[in-house]
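In: sequence first, then the predicted structure:
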Amino acid sequence: MITNEYGIHTFSLKLQCKYSEIQNIIEQNECICTGKGKLGLSSYYQIPQFKDIGVEIQLGQSVTHPCWLILIINPSSLFAGTYEPTALFQADKESVQQIRHRLRNILDKIGIDRRLKEFKLSRCDLTCNLYYERKADIQDRLDIFKKSFPIPHYNAVKFGKYSNSDEQFKGANKHSWTIENKSKSCAFSVYDKSYELEKRHDIKIDEHILRLELRFGRLKITKLTKSKDWESQLVELGSQVEMHQHKFLHRLHMTHFDPVSLPELLDRINASKDREKTKKKLRRIAKKANGCVSLAAVQKDCRIKKSDFIKLLGKFEEMGVEVILYRAAVWSVTMSPNRKIGYHG
């Protein structure tokens, strides 16, 4: 049986600074230069001192553009004071207040006297961990996501072009799938968390975790939240993780995770209260799906208008299943019970 948990994995705070402020931070701390802008007019730095407790500090210094400071925060790790590779943060008023106090201590240590209320919430990752019993189930479900129905204005994003000899990007793209909208204000990633931890951090865990990550940028955050300050926005988004995840999965027609057989799917179609004409279309979709590479290919093969096809996919959801394709076979899936885990410091 699949179990799941919801929470916030990462969020980022951004502060616009003066050139002299960034220069003072660079001079007072051990920084790593991570890049140079065009014509050498901009420089980018990182302070790695606090990464082991979940805070990455990035600096941007430019003579032609605004300078900035970004805090990339894994709140579970910062809350615990040690790296927590799989924990998800439950953002309530009290826990966010404690995160604020820990961030204040870090800013004091590196010589930043700006108030935390001046920072803006520039990114927030609303996350779901799916725990599977078998490792093979992770890749199966990941491949299913890659065959989901396309969302308008979203495009697949890969880790980068790679040569035949570069296995790093091959492995990353095989074990993950990301789509992003054109404005870059929203992205959705599905990836094998166990694989990522082993390959990137040399950490092996016993659990088999498929992570679903819904990433909101500043533009999306301000549209979705009524609050203005980053602490209240974080609490607001934290209470809506499951809702936003489910709404996005509904757009992909990927709201369920436990597979059932094709014969059972056909039995459910036959037992539904739909008209026989509709049942015939549903059976046709299920059978045509056998061997197709994506739901978009099924729609084309069945010669059904996109709008009608989406309505028919909704019929499957009403029956508590969705049509899934994998290894030349049709799968349907049913919702599993949720496992909600509270955060304990």
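Out: Yes, it's here. As the structure is a prediction and not an experimental result, all values here were calculated from the model.
In: and the helix or strand where residue 312 lies, what other elements does it pack with?
Out: Taking DSSP states H and E as the criterion, residue 312 maps to helix 306-318. Under the contact definition 3 or more C-beta pairs under 8 Å, 6 or more residues apart in numbering; DSSP states H and E, helix 306-318 sits against helix 276-288, helix 295-302. Using the backbone N, CA and C atoms, a C-beta is placed for each residue, glycine as well.
In: most tightly packed of the ones you listed?
Out: Of all these, helix 295-302 carries the top mean neighbour count, a mean of 18, counting by mean count of other C-beta atoms under 10 Å.
In: for that one, what does the pLDDT average out to?
Out: Per-residue pLDDT values over helix 295-302 give a mean of 86.
In: before we move on, what about stretch 216-231?
Out: 96.
In: offset the numbering so it begins at 642, please.
Out: I'll keep to 642 as the first residue from here, and by that count the last item is stretch 857-872.
In: who's in contact with it?
Out: Residues from elsewhere that reach stretch 857-872 (C-beta atoms under 8 Å, 6 or more residues apart in numbering): 654-655, 737-738, 741, 758, 760-767, 824-827, 873-874, 876-878, 881, 885.
In: return the set of buried residues in it.
Out: For stretch 857-872, the buried set under the neighbour-count rule, 16 or more other C-beta atoms under 10 Å, comprises 857-858, 861-863, 866, 871-872.
In: keep only those of those residues that are in helices.
Out: Residues of those located in helices (DSSP state H): 861-863, 871-872.
In: which residue ranges of the stretch 792-941 of the chain form strands?
Out: 795-798, 817-822, 827-833, 849-858, 899-901 (DSSP state E, counting those that start in this stretch).
In: reformat those as a markdown table; add distance to residue 930.
Out: As requested, the strands of the stretch 792-941 of the chain are exported to a markdown table (distance: least, C-beta to C-beta, whole Å):
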| stretch | distance to residue 930 |
| --- | --- |
| strand 795-798 | 21 |
| strand 817-822 | 19 |
| strand 827-833 | 20 |
| strand 849-858 | 22 |
| strand 899-901 | 14 |
